[in-house]
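In: structure for the following, please:
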Amino acid sequence: MTQIQLAAARAARRQLSRFASRNNGWRFSPLVCHNAADVASSIARSSSANLPWSSTQYQVSFMSTEAAKSNDSSSGEEMEFQAETRQLLDIVTHSLYTDKEVFLRELVSNASDALEKLRHVQATGIISGSGDQESIPLEIRITTDEAANTLTITDTGIGMSKEEMVSNLGTIARSGSKAFVHEMNLKAQGADANDVDPFGEGIIGRFGVGFYSGFMVSDKVDVRSKSAGKVSDNETQITETDDGPIVWESTGSGKYSISDLSEDIRQDRGTSVVLHLKPELSQYSNESTIETILKKYSNFVGFPIFLNGNRVNTIDAIWLQEPKTVEEDKHSAFYKYVSHMHDEPLSTIHFRMDAPLDIKALFYIPSFHQEKYGMGRMEPGISLYSRKILIEAKSPDILPDWCRFVKGVVDSEDLPLSISREKPQDTALVGKMRKALTRKLISHLSRMMKKDPEKYKDEFYKEYNFFLKEGICQDFESQQQLSKLLYFETSKGMAGELVSLDEYVSKCPPEQNDIYYLFAPSRELALQSPYMETFLKSKREVIFIYSAIDDFVMANLKQFEGRNLLSADRSELGLKDDDDAEMEDKDSSDDSGAAKGLTPSEATDFCAWFQTTLASKVSTCKTTNRLSSSPAVITDNESGALRRMMRMVETSEGGTSSNSMPLPKQTVEINPKHEIIVGIHHLKEKDPMLAEVLAEQVVDNCLVAAGLLDDGRTMLPRLNDLMLCIVKNNVKEESDEKDSKKQS
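Out: Sure, this is the predicted structure:
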């Protein structure tokens, strides 16, 4: 080692010794060095490289001599994480919260905690004094000053001493409220930290960062406080003190100061947080803005909140009360508050749960929903609270999307929250809570359906059946439970008479293993549909569905109570027509002069011709005995649902039917006994062109009956040609008759 290196090492040792003696061996900066030789060696290396040495290049924190010795003798080093205080404060105040307005929620929560602490020590007798303090009401007062551009939040709570200010405000991420709860519990439980917490349900603070949110909107923050008392020597009581109020001041730059409060500024017991707002955020000194934020986030704080002398939080958090004790007028007022509507709720669901976590919930079903008449899609209606403080308004995570018509609140003290308290943190636990709440809602609707079926059908189902059907298509875990809540018209019921799927199954004959449904625009068209003919013959009941959402419900549901849901347009329905022979005998006796129908060989020949002639539209043609009064039907059971789905999607995206995919080839089943089919069979040899036109019309008629024809106007030229042909034939016949009469 050179002379320069030795001199540098000696200087470093002397400097380190001075710092160590001043700081009692504690580290004070981010880099840890265990002895002076390490620094000296580093300095020596920099000196040999002719590098300048300054205090900014070498940041040193100190450990005690004993710690250094123990570390020297150990095989490894145990080091602590360090933090750049100013950068951490910058992150907390500028990057932690999504909305700046949340600062008011955090500061009001801190004020509530201070009041809760004082209430606890007064109730338990821990605080002692003359009793003058008990005459001061426990409340929060907020004052706006637009001229000075300040906002002041004052509480009459427990206050802080200088030591508590240093500990609570000078240490980021140290929660004074959490520490207070822990300390009170230890005293109450005989210093056993593992015992159940009997106190702290009213305490909101947990993370120790909410106070610093004030720097989001402020250039400077003043905290004026007067402590309610100091802890006695035996740490069993808090004794009133005559110490004057003090003030904590900071600009959020990483430094703060604490001094005695000026005598011309009054500060009674408690704490006042004065925010010197940034010029561009002067809206937070406006009374109406602050009132809106208070009612949004802190309207249910357990202590009175006054804004410029006027009480703000006048509504009780009734969801925390016992459900049986809440009166109807309170429910009415609270419903109007959470829903922003002026009607009365159709139904109220007030309950508590303790699994998967402690939950208090209050749901309302409005008398009508707001998606009618083109009013747009509603936002979720449930807000998440924790200890009466709003965490997330209109949360999309509490209930499935199909439940967005439900209004209300969910409060859970056990739900893990993000550090900003704007979102739940444990997504798996939130998912379990979501399932539990959904089951509770469905269970309530099931009880309403059984106990008050008229109210359920006439009021709830009429208004909200679309949401239940949407749930079946989206919420697969709840499909079977939701399917029990549905009602439909049937072929055997009267117009407007609704039956549930359970009621339909109860009326099925023992041999029926499937549930049949038919899609049609109306009941009249459903009854006239060619697909109904086989069900009328077999005396089977058919469910009528009239909207595309019903078709999607059936396609997604697929089964109900072990029975398959089958569309009436399926080619194979498995129906046994016991009365076919009797019906055929009756038809033959009634229609003795009618056409006998095609023989099996003629039917086979006709099907081959039909399929070849209309190859662009027909994939398969075959005979069927399911028809009696109709010439043919299409039995492609999947294409109908797919076509309607594609049309609905395109319409929602602003498309038109002309942009839709081409219609696929269809399977056509013909009635070989029908006069139209018999007539076309004879015409295909006598007048092939007319037979082809008639065959095309038969296919289009089938498409219309199946709801698959995109635009019926495509048939108009053909229909005009057919009418012209009929008119010409009639005119010719009349002319021939006249000529024959003249000749005679």
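In: and Asp260, how close does it get to Gln611?
Out: According to CB to CB, to the nearest Å, Asp260 and Gln611 sit 102 Å apart. Quick note: C-beta positions are derived from backbone N, CA and C, even for glycine.
In: looking at those two, which one has more neighbours?
Out: Gln611 (17 against 11; other CB atoms under 10 Å).
In: how many other residues sit next to Leu429?
Out: 16.
In: hmm, I typed the wrong one, I wanted Gly574.
Out: 10.
In: ok, it touching Asp514?
Out: Yes. Under the criterion of CB atoms under 8 Å, Gly574 lies in contact with Asp514, with a separation of 6.9 Å.
In: let me see the contact set for the closest residue to Lys432 other than its chain neighbours.
Out: Leaving aside its chain neighbours, Lys432 sits nearest to Pro356 (4.2 Å; criterion: CB to CB, 6 or more residues apart in numbering). Taking CB atoms under 8 Å, 6 or more residues apart in numbering as the contact definition, Pro356 lies against 429, 432-433, 436.
In: so what pLDDT did Pro356 get?
Out: If you check Pro356, the pLDDT there is 77.
In: same question, Thr124
Out: pLDDT recorded at Thr124 is 74.
In: and Leu722, how far from Val693?
Out: 7 Å.
In: settle it for me: which of the two has more neighbours?
Out: The neighbour count for Leu722 versus Val693, taken as other CB under 10 Å, is higher for Val693 (18 against 15).
In: once you drop chain neighbours, what's closest to that one?
Out: Arg718 (6.0 Å).
In: run the chain-centre distance for stretch 302-319.
Out: In terms of CA atoms, centre = their mean, to the nearest Å, the centre of stretch 302-319 is found 28 Å from the chain centre.
In: and that stretch, how far apart are its ends?
Out: This stretch, stretch 302-319, spans 13 Å end to end (CA to CA, to the nearest Å).
In: buried residues, that stretch. List them.
Out: Buried residues in stretch 302-319, defined by neighbour count with 16 or more other CB atoms under 10 Å: 302-303, 305, 307, 312-313, 316-319.
In: the nearest residue to Ile545 once chain neighbours are set aside and Ser601, how far apart?
Out: Spatial nearest neighbour of Ile545, excluding adjacent residues (CB to CB, 6+ apart): Phe519 at 5.2 Å. With distances taken as CB to CB, Phe519 is found 36 Å from Ser601.
In: more crowded one of the two?
Out: Phe519 (24 against 8).
In: strands - which of the contacts of Pro356 land there?
Out: Using DSSP state E, no member of the contacts of Pro356 falls in strands.
In: would you show me how to pick out the buried ones of those residues in ChimeraX?
Out: Buried members of those, defined by 16+ other CB under 10 Å, are picked up in ChimeraX with:
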select :429,433
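In: quick one, strands of the stretch 301-450 of the chain?
Out: Secondary structure of the stretch 301-450 of the chain, counting by DSSP state E, counting those that start in this stretch: strands at 305-307, 310-311, 347-353, 359-365, 382-386, 389-392, 407-411.
In: okay if I get those strands as CSV plus mean pLDDT and distance to Glu454?
Out: Converted to CSV, the strands of the stretch 301-450 of the chain look like this (pLDDT from 0 to 100; distance: least, CB to CB, whole Å):
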stretch, mean pLDDT, distance to Glu454
strand 305-307, 97, 45
strand 310-311, 96, 43
strand 347-353, 95, 14
strand 359-365, 96, 16
strand 382-386, 93, 28
strand 389-392, 90, 37
strand 407-411, 96, 24
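In: for Leu151, which of these is the nearest?
Out: Closest approach to Leu151 among the strands of the stretch 301-450 of the chain is made by strand 305-307 (10.4 Å; CB to CB).
In: residues touching that closest one, excluding its own?
Out: 108, 139-144, 287, 290-291, 294, 298, 311-313.
In: what's the closest non-adjacent residue to Gln512?
Out: Nearest to Gln512 is Arg540, by CB to CB, 6+ apart, at 6.8 Å.
In: what sits against Ile398?
Out: Applying CB under 8 Å, 6+ apart, the residues near Ile398 are 380, 382, 384, 410, 433-434, 437.
In: over to Leu566?
Out: Contact analysis of Leu566 by CB under 8 Å, 6+ apart lists 514-517, 573, 637.
In: which one of the residues you listed is nearest Glu737?
Out: Nearest to Glu737 out of the contacts of Leu566 is Leu573 (CB to CB; 49.0 Å).
In: which residues touch the closest one?
Out: Contact analysis of Leu573 by CB under 8 Å, 6+ apart lists 514, 516, 534, 566, 626.
In: as JSON lines, those with secondary structure would be great.
Out: Converted to JSON lines, the contacts of Leu573 look like this (DSSP: H, G, I helix; E, B strand; the rest coil):
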{"residue": "Asp514", "secondary structure": "strand"}
{"residue": "Tyr516", "secondary structure": "strand"}
{"residue": "Thr534", "secondary structure": "helix"}
{"residue": "Leu566", "secondary structure": "strand"}
{"residue": "Arg626", "secondary structure": "coil"}
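In: ok, Ser740 to Ile726 distance?
Out: 21 Å.
In: ok, Glu392 next?
Out: Counting by CB to CB, the gap from Glu392 to Ile726 is 70 Å.
In: next one: Ser522
Out: In terms of CB to CB, Ser522 sits 30 Å off from Ile726.
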